[in-house]
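J.: fold the following, please.
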Amino acid sequence: MTFMKKILIPSICILIPFILTSCLGTKNIQQSPSPKIATFENGLDKNDNYVLANEWMVEAFNDATSVIQFTDKESGTVKGKYLLKAGSVSTSPYVSSTDPLHAIITIRARDNKIRIEIDPPSSGFYSQSSMGNEYGYTIQMFDKTTSNLVEDFQSRMKGKSTSEW
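T.: Prediction:
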């Protein structure tokens, strides 16, 4: 019986930490992707393109932390900070809290064409699995979000300004 206690108790003491740490996830840090740049041609002049770009940003920036930071009508430039993913506060010892991720969107309006540039955040791309759940923000998620933004922007640039009534 004492032999059993001598083997069983240390075995349990060794196995319990392994079982508990198996719930921990591994964090896979990813490098930032390259900026997404798209140029579209349309039949509108620089002023109309600038107005449409401003209207699109106001509609697309639907979070309090997404803000238009710079506009210059003469150069046809609109620049803003867009919320890609909200931050999260974690109370779990297995998943860390995250900061919000913002992309910088720059729109340049010219006669008959317009360009959108979406610069990714310099850090914050990672994937983490913990207890069967996937956490983080990956390059694939960034590509999907920016593709949707570019599609929405392109369809808006083909339309007319909503200010004419």
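J.: and Asp152, what helix or strand is that in?
T.: In the assignment (DSSP states H and E), Asp152 maps to helix 139-157.
J.: low-confidence ranges in the chain?
T.: 1-5, 15, 17-30, 94-96, 129-133, 160-165 (pLDDT under 70).
J.: quick one, strands of it?
T.: 27-29, 36-41, 67-72, 77-85, 101-110, 113-119, 126-130, 133-137 (DSSP state E).
J.: out of those, the one nearest Ile9 is which?
T.: strand 126-130 (30.1 Å; C-beta to C-beta). In short, each C-beta sits where N, CA and C put it, glycine included.
J.: thought Phe125 was touching Gln140?
T.: No: under the criterion of C-beta atoms under 8 Å, Phe125 makes no contact with Gln140, lying 9.9 Å away.
J.: for Glu59, what are its contacts?
T.: Arg156 (C-beta atoms under 8 Å, 6 or more residues apart in numbering).
J.: show the contacting residues for the residue minimising distance to the centre of the chain.
T.: Closest residue to the average C-alpha location of the chain: Leu84 at 2.9 Å, with C-alpha atoms, centre = their mean. By C-beta under 8 Å, 6+ apart, Leu84 lies in contact with Leu101, His102, Ala103, Pro121, Tyr137, Phe142, Thr145.
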